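[1] make a model of this:
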Amino acid sequence: MRGRRQATLVVGLSVAIPLLFWFGAVVLALIILRRGLSEGLPVAVWGGLPALAWAMLGDPTPLLLLLGTALLAGLLRERSNWQWVALAAAPLGLVYALLLLALLNEPMVALATELQKVMPQVLGELGKDLSEADMARLQGLMLPILAGLTGAVHAVMALASLIMARAWQARLFNPGGFREEFHRLRLKGWMAVTLLLLAILGPQFGSMAMLAPVATVPLLVAGIALVHGVVGIKQASVAWLIVMYVALVIAAQMLVPLIMLLAFIDSLFDFRSRLAPVSGVGDDDESNGQG
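    Numbers count the residues shown, from 1 in each chain. Prediction:
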């Protein structure tokens, strides 16, 4: 916040250090949220040079995360609405998936091939016997689904970086502002229905299967915001949130679909407005203010 030179130095050094590139994305997002794209663009160009070097060496993740987080930050600054930012994570994840599939085609194809080899054994251990035709079809979906999962993970990282930057902005200039707007994040009904249809129907159309994982990202974020909002309304212990995040790490296969389902139902019935006191917390799904 002291100036462009300091911001560029922090972004550049963070991106240059392995496994610290996310910090550079957070700093860049903070600059854009506070001062706009016009101030953030020079920081992105010069501070992002190490990310370009990493991409040329075969690791495009720092560059992709930096650019994706910057785009989401610009959208949040212009629209001041977490609904659209969360929704934008889906097409961002799709772009990530396509770029990663093009840039890392050989490693991803090799990984998909290895997964195809172990798939019959895994399904056998789970007690699921598929016909040869179904097995061939499932193996054919492996590469697009793998690309979609990779894109979805990158989109989640971009959203997480933006969330951290917004939290920093609120702490510096508007204490408590981020908590309020994140607790009110709720997808519109048509958004949730569209995303759920993409997640369910995507695998039915071959290469379109990569849409399924990226479509789950906005639902997952909205579901997490729902849990935060309910805990805030009920003034429950923060231990509930700790339990949720620990469970997301150790039991993601069971918990992620449940959180997505809750987000979908909430988009139709708005749990928080029903749970909130008469003051009206949660009855407006628009997130206003600049943090």
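
[2] what lies in contact with stretch 235-251?
    The contact list for stretch 235-251 (CB atoms under 8 Å, 6 or more residues apart in numbering) reads 224, 227-228, 230-231, 255-256. Glycine gets a C-beta too; all of them are placed from N, C-alpha and C.

[3] go again using 10 Å as the cut-off
    For stretch 235-251, contacts defined as CB atoms under 10 Å, 6 or more residues apart in numbering pick out 220, 223-224, 227-228, 230-232, 234, 254-256, 258-259.

[4] check which residues of it are buried.
    Met244 (16 or more other CB atoms under 10 Å).

[5] doesn't Asp59 make contact with Pro18?
    Yes: contact criterion CB atoms under 10 Å: Pro18 and Asp59 qualify, at 8.9 Å.

[6] quick check: which element contains the spatially most central residue of the chain?
    The structure's the chain has its C-alpha centroid closest to Val156; by CA atoms, centre = their mean the separation is 2.3 Å. Assignment of secondary structure by DSSP states H and E places Val156 within helix 142-173.

[7] quick one: average confidence on that helix?
    Average pLDDT, helix 142-173: 93.

[8] what packs against the following helix or strand past it?
    Using DSSP H and E, the helix or strand that directly follows helix 142-173 along the chain is helix 177-183. Here helix 177-183 touches helix 82-103, helix 142-173, helix 211-233, going by 3 or more CB pairs under 10 Å, 6 or more residues apart in numbering; DSSP states H and E.

[9] which of Pro18 and Asp59 has more neighbours?
    Asp59 (16 against 9; other CB atoms under 10 Å).

[10] touching stretch 191-203 from outside, list them.
    By CB under 10 Å, 6+ apart, stretch 191-203 touches 83-84, 86-87, 90, 94, 137-138, 141, 144-145, 148, 186-188, 208-219, 222, 257, 260-261, 263-268.

[11] go through stretch 252-260 and flag the buried ones.
    255-256, 259-260.

[12] so for that stretch, mean pLDDT?
    Stretch 252-260 comes out at a mean pLDDT of 91.

[13] nothing else from me, thank you.
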